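In: Next comes the sequence, and after it the predicted model I'd like to discuss.
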Amino acid sequence: MAGAAFQFTDANFDQQAVNGSMPALVDFWAEWCGPCRMLGPTIEELAKDYSGRVLVGKMDTDANQATAVKLGIQSIPTVMLFKNGKLVQKWVGVRPKAEFTKALDAALAG
């Protein structure tokens, strides 16, 4: 389905998120995490809103522990914005959609 959140994995993370051709917003989550489930619909909306401009997706930290460990993720949900191979911004916990929108718009403008 077009616009749906991309599924990041340990295998595709570096290529798609860090070295991808567009900015990437990655939601690190787990099925058992209540706040993660609260944030899920916001991530799906952002994936639709920014389709073709930003790669918006989710990474299940239970299934993809290597990347979470490498990035030092200790709490979920953690959302990270990457652009040009660098971490641009990081949020821990549930945040309003407007915070992500502001950061995404700035990443696209700059």
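Out: Nice, I can see it.
In: Quick check, pLDDT for residue 110.
Out: We have a pLDDT of 81 for residue 110.
In: next one: residue 29
Out: Residue 29 carries a pLDDT value of 97.
In: mean confidence for the helix ranked longest in the chain?
Out: Ranked by residue count, the top helix of the chain under DSSP state H comes out as helix 34-49. In this model, helix 34-49 has a mean pLDDT of 97.
In: Pull out the buried residues from that helix.
Out: 36, 39, 40, 42, 43, 44, 45, 46, 47 (16 or more other C-beta atoms under 10 Å). (Each C-beta comes from the backbone N, C-alpha and C, glycine too.)
In: Same check on stretch 12-21?
Out: Of all the residues in stretch 12-21, those buried under the rule 16+ other C-beta under 10 Å are 12, 13, 16, 17, 18, 20.
In: so what's the second one up against?
Out: What that stands for is residue 13. By C-beta atoms under 8 Å, 6 or more residues apart in numbering, the residues touching residue 13 are 26, 59, 64, 67.
In: what about the spatially most central residue of the chain, helix or strand, and which?
Out: What sits nearest the mean C-alpha location of the chain, by C-alpha atoms, centre = their mean, is residue 26, with 1.2 Å. Residue 26 is part of strand 24-29, with elements assigned from DSSP states H and E.
In: I appreciate the help and will end here.
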